[in-house]
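Q: Let's see this in three dimensions:
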Amino acid sequence: MKRKAIFIAFVLFTCAGQFLFAQEEAAAEQGSGSAIKYIAAAIAVGIACIGGGLAVGQIGAAAMGAMSENAELSGKAMPFVGLAEGICLWGFLVGLLILIL
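A: Numbering: from 1, shown residues only. Next up, the predicted model:
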């Protein structure tokens, strides 16, 4: 049983090695232009998420303070939190567009 497992693992690693080398050859053909696209997409998504997180933190703190004084204001604060979260979604869409185009 142990020999079969070793044989199967050897065959799988041998076949997987061919696919790994094929990916390296394809990456070498693309050049460094694709690396810049990945970095740009990461920066776009990262900055958008950091900005959205800061905005949600500020709006959430203000909303909690307002709700502590008047509980009826909770429904009025939620759209603003959603708008701040939309910043992250726009950053994600920009990142996708960078990668696609």
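
Q: C-alpha only now, for contacts and for neighbours.
A: Will do.

Q: Regarding this protein, what is its longest helix?
A: In the chain, assigned by DSSP state H, the helix with the most residues is helix 33-69.

Q: Could you tell me the average pLDDT over that one, please?
A: Here helix 33-69 scores 90 as its mean pLDDT.

Q: Show me what counts as buried in that helix.
A: Under the neighbour-count criterion of 16 or more other Cα atoms under 10 Å, helix 33-69 has 37, 40-42, 44-46, 48-49, 51-53, 55-56, 59-60, 63, 67 buried.

Q: Ok, stretch 77-95 next?
A: By neighbour count on 16+ other Cα under 10 Å, the buried set for stretch 77-95 is A77, F80, V81, A84, E85, I87, C88, L89, G91, F92, V94, G95.

Q: Just the mean pLDDT for the strand or helix carrying I6, thanks.
A: Per DSSP states H and E: I6 is located in helix 2-30. Average pLDDT, helix 2-30: 61.

Q: Am I right that A63 is in contact with A77?
A: Yes - counting by Cα atoms under 8 Å, A63 touches A77, with 5.8 Å between them.

Q: I'd like to know how far I100 sits from V81.
A: 29 Å (Cα to Cα, to the nearest Å).

Q: ignore the last one, A61
A: 11 Å.

Q: How about R3?
A: As for R3, its distance to V81 is 59 Å (criterion: Cα to Cα).

Q: Next: I8.
A: I8 sits 53 Å away from V81, going by Cα to Cα.

Q: Next: L99.
A: L99 sits at a distance of 28 Å from V81 (criterion: Cα to Cα).

Q: What of G46?
A: Taking Cα to Cα, one finds G46 at 19 Å from V81.

Q: same thing with I50?
A: The gap separating I50 from V81 is 14 Å, by Cα to Cα.

Q: to the chain's geometric centre, what's the distance from the helix or strand harbouring V94?
A: V94 is part of helix 74-100, with elements assigned from DSSP H and E. Distance, stretch centre to chain centre, for helix 74-100: 13 Å (Cα atoms, centre = their mean, to the nearest Å).
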